[in-house]
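>>> structure here, sequence nowhere to be found:
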């Protein structure tokens, strides 16, 4: 939908969004949240309006992640799984914000809406829905997966009412209702007075899109906003030291890693030699990077899944230290000799690698790319550094076509399915087509396909451990660098209930707002 179309419908949207007897003027408390970009998509196969980045809590998914990242009841009160079939019991008394009940029929309609999504990782057999009564229904997994409920902890799977046009008037079961949306400017939501659960503390949330990182920090310091949701290393380096800006953090969950192009064509084939990847892994001084970035709050990473998640532990991983001599020896062994210009060469070819720093944007990791460039130069590796702040350009120009040797990414396993991240980024049959270049091969495919088909959670986690070790140590499809908490910045006096998942930070329960 165009900006002009939205502007023409703002008044209608606001009127539809307001509960009876409530107007914006009567709101007692407002929290103003600075976010980086308006990334909402309105195409049916990629729809994300109000659900993700920012997640406005208009809608809710079926289940939520608990502190151990296992699914806990939310809209679903009970679920049972056996031989590919799920039997669901809905929580009694839940209504959408328009007053209509969440029953078996409306829940199925919501799940059918999600089935249109291009990244349908629920993979529900749409012909298998059966209604038992108002609060009970069943469905089957298309692939016999025991992990459908785990995938429902993602906000991307939230339930919309199918009775309204969700691109104009999104109606959900959540604690807020849409007040107004101005593309690339702001989106505001107001308390849903008929919310079935515990009422939020804040009457109104106003998310303001402020693209420039320093402008977001300045807006916080000037009192124009109360909280910053998208925090970059450079912002943390620029924070005032007088305590006026408060850092809130979760457990480490987000990884920064270099993904290796294992299946590219010349000139992006040097990295195919595992000794090159091993040399790069040993050349990285993770301790120094951890001290410099994120105000020293990041930790050197052994892998790209945190050890506390899914009860993985980290005893099965060895990790890489900082050993430039070992890195140099590996390059010598691979036949790359140091040239007079400080760049290694072999058979007349320079050891020059293209490093693309671009997902979700280089500002999320800068100045790490420049630090790595210097560390690799110390062992004779020349880096062509490409920095991108537009994930669309990153994919279309580089990742989708394998136009690079190394791809720096900053992300996380963003739901409670242990296979989610590894399967999508490192299998040959990935539904995220770009990542065919980072797939190590049949052995990792077999482990992750086996994990997805396993009927025992213990078997799932065991195979994920094996696949993870192969990816980050044996094949080095990913070279881990840091594990980073989720961060929020706020003005003094606020308490923010943090979550490891950005989408699950509950701004409606921020304390200290007057």
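Sure, I can see it. None of the values given here were measured: they were computed from a predicted structure. Numbering: from 1, shown residues only.
>>> buried residues in stretch 348-357, which are they?
350, 351, 353, 354, 355, 356, 357 (16 or more other Cβ atoms under 10 Å). Heads up, the C-betas are built off the backbone N, CA and C, glycines and all.
>>> what comes into contact with that stretch?
258, 268, 270-271, 276, 331, 336, 339, 343-345, 365-366, 368-369, 372-373, 376, 380-388, 394, 398-399, 403-408 (Cβ atoms under 8 Å, 6 or more residues apart in numbering).
>>> still on that earlier bit, can you flag which of the buried residues of stretch 348-357 belong to strands?
350, 353, 354, 355, 356, 357 (DSSP state E).
>>> tell me the one of the residues you listed nearest residue 216?
Ranked by distance to residue 216 (Cβ to Cβ), those are led by residue 357 at 20.4 Å.
>>> partner residues bridging that closest one?
Beta-bridge pairing for residue 357 (DSSP bridges): residue 387, residue 408.
>>> pLDDT score assigned to the residue sitting furthest away from the middle of the chain?
The C-alpha centroid of the chain is most remote from residue 340, which lies 43.7 Å away (Cα atoms, centre = their mean). Residue 340 is assigned a pLDDT of 95 by the prediction.
>>> separation between it and residue 376?
18 Å (Cβ to Cβ, to the nearest Å).
>>> now the helices for this structure?
Counting by DSSP state H, the chain has helices at residues 3-17, 104-114, 148-151, 213-221, 233-237, 274-283, 286-292, 324-333, 368-377, 391-393, 420-426, 442-453, 457-469.
>>> in ChimeraX, how would I select just the buried ones from the contacts of stretch 348-357?
Of those, the buried ones can be selected in ChimeraX as follows, counting by 16+ other Cβ under 10 Å:
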select :258,268,270,271,276,331,336,344,345,365,366,368,369,372,373,376,380,381,382,383,385,386,387,388,394,398,399,403,404,405,406,407,408
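>>> now do the same contact list for residue 461.
Contacts for residue 461 (Cβ under 8 Å, 6+ apart) come out as 310, 311, 312, 418.
>>> please report how far the second one lies from residue 451.
Read that as residue 311. Where residue 451 is concerned, residue 311 sits at a distance of 15 Å (Cβ to Cβ).
>>> more crowded one of the two?
Remark: of residue 311 and residue 451, residue 451 carries more neighbours, 23 against 13, as counted by other Cβ atoms under 10 Å.
>>> and the strands in the stretch 1-150 of the chain?
30-35, 63-65, 71-73, 76-82, 85-90, 130-133, 136-140 (DSSP state E, counting those that start in this stretch).
>>> residues making contact with the third one?
Identification of contacts with strand 71-73 by Cβ under 8 Å, 6+ apart yields 63, 64, 65, 66, 91, 149, 150, 152, 153, 416.
>>> likewise for the longest one?
Contacts to strand 76-82, defined as Cβ under 8 Å, 6+ apart, come from residues 62-63, 86-92, 146, 148-149, 152.
>>> contacting residues for the residue nearest to residue 480 when sequence neighbours are not counted?
Leaving aside its sequence neighbours, residue 480 sits nearest to residue 301 (Cβ to Cβ, 6 or more residues apart in numbering; 3.9 Å). Applying Cβ under 8 Å, 6+ apart to residue 301 gives the contacts 255, 256, 257, 286, 319, 480, 481, 482, 483.
>>> cool, and residue 154?
Contacts of residue 154 (Cβ under 8 Å, 6+ apart): 61, 414, 415, 503.
>>> any idea which of those residues is least confident?
Where pLDDT dips furthest among these: residue 414, at 79.
>>> tell me how far that one lies from residue 111.
19 Å.
>>> ditto for residue 123
For residue 123, the distance to residue 111 equals 11 Å [Cβ to Cβ].
>>> tell me which residues are up against stretch 366-383.
232-234, 256, 258, 279-280, 283-285, 288-289, 292-293, 324, 327-328, 331, 336, 338-339, 342-344, 350-355, 357, 362, 385, 387, 408, 481-482.
>>> swap in 6 Å and give it another go.
234, 283-284, 289, 324, 327-328, 338, 343-344, 351-353, 355, 357, 385 (Cβ atoms under 6 Å, 6 or more residues apart in numbering).
>>> what's the farthest-apart pair in those residues?
234 and 338 (33.7 Å).
>>> before we move on, the earlier item: pLDDT, neighbour count and distance to residue 170 for the contacts of strand 71-73 - can I get that in JSON lines?
JSON lines is the format used below for the contacts of strand 71-73 (pLDDT from 0 to 100; neighbours: other Cβ atoms under 10 Å; distance: Cβ to Cβ, whole Å):
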{"residue": "63", "pLDDT": "97", "neighbour count": "24", "distance to residue 170": "20"}
{"residue": "64", "pLDDT": "95", "neighbour count": "19", "distance to residue 170": "19"}
{"residue": "65", "pLDDT": "92", "neighbour count": "21", "distance to residue 170": "23"}
{"residue": "66", "pLDDT": "89", "neighbour count": "12", "distance to residue 170": "27"}
{"residue": "91", "pLDDT": "98", "neighbour count": "17", "distance to residue 170": "21"}
{"residue": "149", "pLDDT": "95", "neighbour count": "20", "distance to residue 170": "24"}
{"residue": "150", "pLDDT": "93", "neighbour count": "23", "distance to residue 170": "25"}
{"residue": "152", "pLDDT": "94", "neighbour count": "28", "distance to residue 170": "18"}
{"residue": "153", "pLDDT": "92", "neighbour count": "26", "distance to residue 170": "20"}
{"residue": "416", "pLDDT": "90", "neighbour count": "25", "distance to residue 170": "24"}
